[in-house]
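Engineer: Fold the following.
(2 chains)
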Amino acid sequence: MTSYSKVRFKANGRPVEVDANPDSPLLYALRNDLDLPGTMYGCGIGYCGACFVLIDGRAATSCDTPLWSVENKDVVTIEGLEGPDGLNPVQRAFIEEQAAQCGYCVAGIIVNATALLDENSQPTEAEVREHLDRNMCRCGSHPRMIAAVLKAAGEL
Amino acid sequence: MTPPPHLPASLAANPVVGQWLRFDRSGFVELMPGKVELGQGIVTALAQIAADQLDLDVDRVNVVYPSTSFSPDEGQTAGSRSVEESGSAIQQVCAEARALFLAAARETLSDPRQEFEVEDGRIVGAKGESTSYWALADSVDLNRRVTGRVSPKPLGEGSFVGVSSPRKDLAAKVRGKGFYVQNLKLPGMLHARVIRPTGPRGLLVSFEEPAEGGVTVVRNGSFLAVVSESEAEAVRAAAMMRQSAEWQATGDPLPSSDDLPGFMKLAPAESEEVAIPPADFVRPVATLRAQFSRPFIAHASMGPSCAVALWEDGSLRVWSSTQGVYPLRAELARALSTPADMITVQYLEGAGCYGQNGSDDAAYEAALVAQHFPDRPVRLQWMRHEEAGWEPYGPAAVAEVAASLDDAGKITFWNYELWSYGSSGRPGYSKVGPAFWAAGQLEDPYPREHSHLGGATRNIEPGYQIGARRILAHNMKDTSIRTSSLRSLGAHANVFAIESFMDELAVEAGIDPLEFRLMHLDDQRGRTVVERAAADAGWGTQDLPDDHGLGIGYARYKGTSAYCAVVAEVEATSHLQVVKLTIAVDVGKVVNPDGVVNQVAGGAIQATSWTTCERVGYDSDRITSDSWESYPILTFTTAPEVTVALVSRPGDPPMGAGELAQGPTAGAIGNALFRAIGVRVRDMPIDQAAILRALEV
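Structural biologist: Residues are numbered from 1 along each chain as shown, chains lettered A, B, ... in the order given. The predicted structure follows:
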């Protein structure tokens, strides 16, 4: 058996401890050990963006982030974006714009867009496109998603 | 006795009211269509239809995903037929259910002669008494056949059909709570990964067992998998075994990738005369001829395929993102030598598939592995390189077209010849062996069907008045590259060829391409979408920057379904950027306007990606485009702006919107490139390399 060790971090504000191979991807710990399946597996090499999470506020692809590297850090997943008032502005805007089809990529896009608006609350359309270029969508929902992010920015 | 009235086909096949609807005391109705949510919004559209017939708020309709244990058998969710097939069945069955409840209300309330109305599920008598669907749920037996003698309200005479109801599945998805099979977690579940051969011809020669414990190897012939309690460990072990396993290539090499069109035109095929000119027709000299092609194209789902299987006491349960729970069950029964009534297939969503991706294969493979672990659910998840390298691809196609023009610029003869691989790779189509690739890898292998005839001729006939026509289709009989249905089937390649060639003919005739199309288009509904898209795009009136061009493409999907015209604006140098797509569609009666716009725009963007970026790469042994790096698709920085105009046809039956834009978009882009820089690319993808080649000629 691979050697396991305990990795401690915060997941959506809650202190957690995962007993796993510390070299294994954060993605599997979130989905399987912490019951946070909203972070999706897409490519395993950080290329498609379906698995974006926030690590200490910065967007990172969890499929190629080793578990050990989040020790003592603050990990926020799509499930953790909701506040006491419900959905965050990006999530709300995605519903208002009906900005998805199959929705498989949408959690990763919302997380990455949330990170963008945290850094730059009034991005241009070109900046939104550039930032979301780390995400992929196969259904062709790009224009609606871009519109949703701009709408969320307008409401911040 | 009068003959039974005509029922919608789906309802005639599944005629019991209770197969479609369940009422309990909760204040909600469960609607159980046999069609599945693929991200196309069908669940919402069907709920709107049900809500109108039942006089309910659409939020009271919960749509239950299909299972072979209770759902009506509606075959595959494919071909843009769901609103037509399932919608018409639901319209009728809900009207009948409403009538049953009204009859029960008459018996319950004091005066049976009073008039009744239904208001959001409450049944209210003229005298003010009331009951409800839910109060009567226990006393109304829905386990009875429809009669066909209740007339449903016409579509659109209600509060919801025709309105942009928000998607029912979206609120959960933006919260990370989508109902994906990838997210199913069952007690005691094991994780499986498959080790694929180096190429489709590979036979397993040897492999090394994982050195570390906690991982079990399952092997049957050349089918090789690992199973672990830990998903990460299964992934790690599979990656290590992939490095060490030895495979031997057998059988025919993959087709030539250097000159695929040339290869295809010489390969064995089954030929079909789609149209022939009258016997006494004297063929005029061809004014123009050209050859067009499309490569193999991947479905390229964002989420690799996944399934969960559980064997208990000889019966099998499978959770799958298949497009057809019943066809998959029948195919599993065939491949696992297990009676179908011992198998349950439950649908859960996957990533958008746009046709047959790896979903059905994953279901079979999960069942195969789970046989070794009775009473334990086994979740088998494909990796990215498997989805990219082992899905059944959309088939390649080549078309030769020639036509003759008279002095007025009218087409007098159209001569079209198509060579294509087929699209019928789904469960239920193969005569030879099961549709699952792995079934051909077993120690005692099933024969593989290599000839998926069908689908190539979709939209092979132009929707124009073009004089005499000779149209031939050569359906490739054999391919070592596996193919199956991809959104719009042959329509993407055929409409690209037809619409590109229409523009070439217009140039030859010295007539504007829009005018040239209208000269040959009698169908008023077709003319309307063409004129609308052109007007919205500012055709002929817009001042474009230097490197920009406008091109148009048009088709009526399948020749019998929805109408679509696309005007593409591109910016081109040696690099092509599709800037904007201006689209007009006529899908008959619109159930959910925003749903249609979303489907059409998404389809057009996907078609832009196919047309300008995509080609499955391979050498003689293996698929080489097995990652996003080697199979790039359109991105957030390259996706065009899209507008979609819906031509209102409230009196006409609804038609599917998911596939209609694929061909017209491809044609419009090629034509716009020509308008921008004067070069014609006839072989997709229209990427930088293709443009440079065309510029050199």
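
Engineer: for the closest residue to chain B within chain A, what are its contacts?
Structural biologist: Closest approach between chain A and chain B, counting by CB to the nearest CB: A:G38, at 1.9 Å. (Glycine included, C-beta is placed from N, CA and C.) By CB atoms under 8 Å, 6 or more residues apart in numbering or on different chains, the contact set of A:G38 is A:T77, A:I78, A:E79, A:A107, B:R175, B:G176, B:K177, B:G178, B:N183.

Engineer: Just the buried ones out of these, please.
Structural biologist: Buried by 16 or more other CB atoms under 10 Å in any protein chain shown: A:T77, A:I78, A:E79, A:A107, B:R175, B:G176, B:G178, B:N183, out of these.

Engineer: before we move on, the earlier item: adding distance to B:V585 as columns, could you present the contacts of A:G38 in a markdown table?
Structural biologist: Formatted as a markdown table, the contacts of A:G38 follow (distance: CB to CB, whole Å):
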| residue | distance to B:V585 |
| --- | --- |
| A:T77 | 38 |
| A:I78 | 33 |
| A:E79 | 37 |
| A:A107 | 30 |
| B:R175 | 32 |
| B:G176 | 33 |
| B:K177 | 32 |
| B:G178 | 28 |
| B:N183 | 34 |
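
Engineer: returning to what we had before: point out the ones among the buried ones among the contacts of A:G38 that are inside helices.
Structural biologist: A:A107 (DSSP state H).

Engineer: helices or strands up against the lowest-mean-pLDDT helix or strand in chain B?
Structural biologist: Across the helices and strands of chain B, mean confidence by mean pLDDT, DSSP states H and E is lowest for helix B:82: a mean of 91. Where contact means 3 or more CB pairs under 8 Å, 6 or more residues apart in numbering or on different chains; DSSP states H and E, helix B:82 is packed against helix B:42-54.

Engineer: what helices or strands is the helix it packs on leaning on?
Structural biologist: strand B:29-31, strand B:61-63, helix B:82, helix B:88-108.

Engineer: Apply 10 Å and report the result again.
Structural biologist: strand B:21-23, strand B:29-31, strand B:61-63, helix B:82, helix B:88-108, helix B:593-613 (3 or more CB pairs under 10 Å, 6 or more residues apart in numbering or on different chains; DSSP states H and E).

Engineer: Tell me which residues touch whichever residue of chain B sits closest to chain A, please.
Structural biologist: As assessed by CB to the nearest CB, chain A sits closest to B:G176 within chain B, at 1.9 Å. Contacts for B:G176 were tallied using CB atoms under 10 Å, 6 or more residues apart in numbering or on different chains; they are A:36-40, A:77-82, A:91, A:103, A:106-108, A:110-111, B:183.

Engineer: sec struct for A:A115, please.
Structural biologist: helix (DSSP: H, G, I helix; E, B strand; the rest coil).

Engineer: Would you mind putting the CA coordinates of stretch B:362-372 into CSV?
Structural biologist: Output of stretch B:362-372 as CSV, limited to C-alpha atoms (Å, rounded to 0.1, in the frame of the first residue of the first chain):
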residue,chain,number,x,y,z
ALA,B,362,-18.3,2.6,-19.9
ALA,B,363,-21.6,1.0,-18.8
TYR,B,364,-20.5,-2.3,-20.3
GLU,B,365,-17.0,-2.1,-18.9
ALA,B,366,-18.3,-1.3,-15.4
ALA,B,367,-20.6,-4.3,-15.6
LEU,B,368,-17.7,-6.5,-16.8
VAL,B,369,-15.5,-5.5,-13.9
ALA,B,370,-18.2,-5.6,-11.3
GLN,B,371,-18.9,-9.3,-12.1
HIS,B,372,-15.7,-9.9,-10.1
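
Engineer: B:R219 looks like it's in a helix, true?
Structural biologist: No: counting by three-state DSSP, B:R219 is located in no helix; its state is strand.

Engineer: Please name the bridge partners of it.
Structural biologist: B:L224 (DSSP bridges).

Engineer: residues touching residue 98, list them.
Structural biologist: In the absence of a named chain, chain A is used. A:141, A:144, A:148, B:41, B:44, B:164-167, B:170, B:592, B:594-595, B:597-598.

Engineer: Chain B is the one I meant
Structural biologist: Applying CB under 10 Å, 6+ apart, the residues near B:R98 are B:Q53, B:L54, B:D55, B:L56, B:V118, B:I123, B:Y133, B:V150, B:P152, B:K153.

Engineer: quick one: pLDDT of it?
Structural biologist: pLDDT, B:R98: 97.

Engineer: same thing with B:L660?
Structural biologist: pLDDT, read off for B:L660, is 98.

Engineer: Pretty sure it sits against B:S561.
Structural biologist: Yes: using CB atoms under 10 Å, B:L660 makes contact with B:S561 at a distance of 7.1 Å.

Engineer: between these two, who's got more neighbours?
Structural biologist: B:L660 (34 against 21; other CB atoms under 10 Å in any protein chain shown).

Engineer: Find the residues that touch each one of B:L660 and B:S561.
Structural biologist: Residues touching both B:L660 and B:S561 (CB under 10 Å, 6+ apart) are B:S80, B:N459, B:A555, B:V587.

Engineer: A strand includes the third one, no?
Structural biologist: Yes: B:A555: assigned to a strand according to three-state DSSP.
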